[in-house]
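using only what follows, build the 3D model:
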Amino acid sequence: MRSQEQLDAIAYELNIRPRQRFKYRCPIAVISDVMAQGYNDTTSVQ
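Numbers count the residues shown, from 1 in each chain. Okay, the predicted model is just below:
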């Protein structure tokens, strides 16, 4: 059985691997961009 710290490390390693479906960007970068875009969309609406 693995500890939560080990599972977190495995998840991190998987999430920093570049993916072809994201034009060879890593999922963390893609999610960060999506989150930033969503934040910008909600702050510009008045």
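
got the contact list for the most centrally placed residue in the chain?
Computing the C-alpha centroid of the chain and ranking residues by Cα atoms, centre = their mean puts Ile28 first, at 2.3 Å. Contacts here follow Cβ atoms under 8 Å, 6 or more residues apart in numbering; on that basis Ile28 touches 15-16. No exception for glycine: its C-beta is placed from N, CA and C like everyone else's.

element containing it?
helix 27-44 (DSSP states H and E).

C-alpha coordinates for that helix, CSV please?
Only the C-alpha atoms of helix 27-44 are listed here, as CSV (Å, rounded to 0.1, in the frame of the first residue of the first chain):
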residue,chain,number,x,y,z
PRO,A,27,-2.0,19.2,-18.3
ILE,A,28,-1.0,21.5,-15.4
ALA,A,29,-0.2,24.3,-17.8
VAL,A,30,-3.4,23.7,-19.8
ILE,A,31,-5.6,23.7,-16.6
SER,A,32,-3.8,26.8,-15.4
ASP,A,33,-4.6,28.6,-18.6
VAL,A,34,-8.2,27.5,-18.5
MET,A,35,-8.6,28.6,-14.9
ALA,A,36,-7.0,32.0,-15.6
GLN,A,37,-9.3,32.5,-18.6
GLY,A,38,-12.3,31.7,-16.5
TYR,A,39,-11.1,34.1,-13.9
ASN,A,40,-10.6,36.9,-16.4
ASP,A,41,-14.0,36.2,-17.9
THR,A,42,-15.8,36.6,-14.6
THR,A,43,-13.9,39.7,-13.5
SER,A,44,-14.6,41.6,-16.8
